[in-house]
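Participant: how does the following fold in three dimensions:
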Amino acid sequence: MKHANLMAALAAAAFFTLAGCGDNERDVGEFSNDFLGNEIMVEALADPEIPGVVCHLAYFDRSFLDRMRQGNWFENPSNSAVSCQRIGPIDLSRADLDRAGEEIFSQRQSLFFKRVAVRRIVDAQNRSIVYVSYSREIVEGSAKIAISSVALTPEEAAAARPRQ
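Facilitator: Below you'll find the model as predicted:
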């Protein structure tokens, strides 16, 4: 009986902790995709260094009922999708032009070990900015990735110079 009460208290604490991570200015929409109340969340992510680009990230948000049913209270699946587009002029002067790019967004998907992230890589040679959404796990990496690209004008690509 004590074990069941402890487990119920832990589940409630996890629910309220994760529920508090909700509404923010990036939220665009959400919809239920099953009878358990699991949702697909959609957020708008402005690129902090390139104001002329916005990305939309969609990810899975597990419901309280599904967490209880599966006994996995502390994490969401790490699947995500990303789509980015030009919404204005693009100035690459503040963008990291390193081959590894720059992480522009990261969000916790579990209490301790898992995050979903979006990374920007500038591909000046092919006149593109590439955005990759992926799962970062401490223990082992994940192959769950999605990619989107934004075309650059010849002038914008020519202005992209690697930093010394």
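
Participant: quick one: low-confidence parts of this structure?
Facilitator: Residue ranges of the chain with pLDDT under 70: 1-23, 62-63, 66-67, 72-78, 108-114, 136-143, 161-164.

Participant: all helices of this protein, in order?
Facilitator: With DSSP state H as the definition, the chain shows helices at residue ranges 2-19, 64-70, 154-159.

Participant: show me the beta-bridge partners of the spatially closest residue to residue 103 that is not a sequence neighbour.
Facilitator: In space, not counting the residues next to it along the chain, residue 103 is nearest to residue 119; the distance is 5.0 Å by Cβ to Cβ, 6 or more residues apart in numbering. From N, CA and C alone the C-beta is placed, and that goes for glycine too. Here residue 119 sits in beta bridges with residue 103, residue 132, as judged by DSSP bridges.

Participant: contacts only, for residue 119.
Facilitator: Residue 119 makes contact with 101-104, 131-132, 134 under the criterion Cβ atoms under 8 Å, 6 or more residues apart in numbering.

Participant: go with 10 Å
Facilitator: Residues near residue 119 by Cβ atoms under 10 Å, 6 or more residues apart in numbering: 82, 96, 100-106, 130-134, 136, 145.

Participant: closest to residue 153 among these?
Facilitator: Residue 153 lies nearest to residue 130 out of the contacts of residue 119, by Cβ to Cβ, at 16.3 Å.

Participant: report the contact partners of that closest one.
Facilitator: Each residue near residue 130 by Cβ under 10 Å, 6+ apart is listed here: 84, 101, 119-123, 147-150.
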